[in-house]
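# sequence plus the predicted model coming up.
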Amino acid sequence: MRRFAVIGHRAMSQGKLPLNDMAGGAGRMDVLVRALMSGLLTSHGLRHDSEVVLHLMGGPGPPRRIKFVGAELRGVHAEERAVAGQIGKVLNLPTPARGHWVERSHGIYDSGGDITHTLSDWSESVIIGLDADAPRLWSGDAMLPSTSKPHSITTGERGEFQVQGLDIAFVLSDDKPLPDETKQGLLMRSLGDAWLQGHMAVGVCHFLMDEGVELRLS
């Protein structure tokens with residue numbers, strides 16, 4: 001399984017989502033929407049071995065998490081406004097208790113809490129914090145394979161999907177850095193010297209996983 005936690009420090013967590021002002025009035029919700037789409041969508045479909053948790057920390061009200069599970073999603077299309085509309089429907093509802101997931105529609109879950117709750121949910125996964133100043137994610141002698149050997153694959157049909165392979169999670173923030181106390185619980189790794197935009201970082205992670213590049217996980 002491939003998991004992505006995206007932290008929006010200013011992203012609104014309650015109320016009517018301004019679809020015409022996601023970069024401003026919504027607290028840079030546009031950044032989270034693009035990362036969500038990169039985490040879940042291929043050119044012609046959904047990744048069934050991927051899930052994305054958006055962390056909406058900008059209020060009003062308590063922090064909120066919205067989880068999208070690729071194996072269960074229906075009706076999600078590669079259009080930013082439509083995806084934002086799915087988030088907007090959740091924001092109109094009361095925030096659930098911290099740590100308690102409520103299914104809002106097929107594959108979309110809603111919960112209170114912050115990144116500490118998500119990391120607790122992912123205690124069985126290898127958890128990577130993305131930071132350009134950390135050691136590279138791939139091994140020093142890693143090479144691109146001549147044929148793809150994915151680190152995780154999905155088999156089966158809808159409703160009976162099975163995910164096999166590496167269970168790995170990635171944590172990435174918006175333009176504000178991860179707090180030091182959060183970094184202490186993560187394996188910090190870099191995708192290069194450049195600070196990539198969130199959706200590009202997610203895409204690079206998928207590429208490395210799709211191709212089966214040797215990763216530095218210890």
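That came through, no problem.

# contacts, neighbours, all on C-alpha from now
Will do.

# so who does the residue lying closest to residue 101 once chain neighbours are set aside touch?
Nearest residue to residue 101 in three dimensions, chain neighbours excluded: residue 111, at 4.8 Å (CA to CA, 6 or more residues apart in numbering). Taking CA atoms under 8 Å, 6 or more residues apart in numbering, we find residue 111 in contact with 64, 65, 66, 95, 96, 97, 98, 99, 100, 101, 102.

# run through who's touching the helix or strand harbouring the third one.
When secondary structure is defined by DSSP states H and E, residue 66 falls within strand 64-69. Residues from elsewhere that reach strand 64-69, judged by CA under 8 Å, 6+ apart: 13, 48, 50-57, 87, 95, 107-114.

# can I get it in PDB, CA atoms only?
Backbone C-alpha positions of strand 64-69 (Å, rounded to 0.1, in the frame of the first residue of the first chain) are rendered in PDB as follows:
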ATOM      1  CA  ARG A  64      -9.800  17.800  10.400                       C
ATOM      2  CA  ARG A  65      -8.600  14.900   8.300                       C
ATOM      3  CA  ILE A  66     -10.200  13.600   5.000                       C
ATOM      4  CA  LYS A  67      -9.100  10.200   3.800                       C
ATOM      5  CA  PHE A  68      -9.500   9.100   0.200                       C
ATOM      6  CA  VAL A  69      -9.100   5.300  -0.400                       C
END
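
# returning to what we had before: can you pick out the most distant pair from the contacts of residue 111?
Across the contacts of residue 111, the two members that end up farthest from each other (CA to CA) are 66 and 97, 12.7 Å apart.
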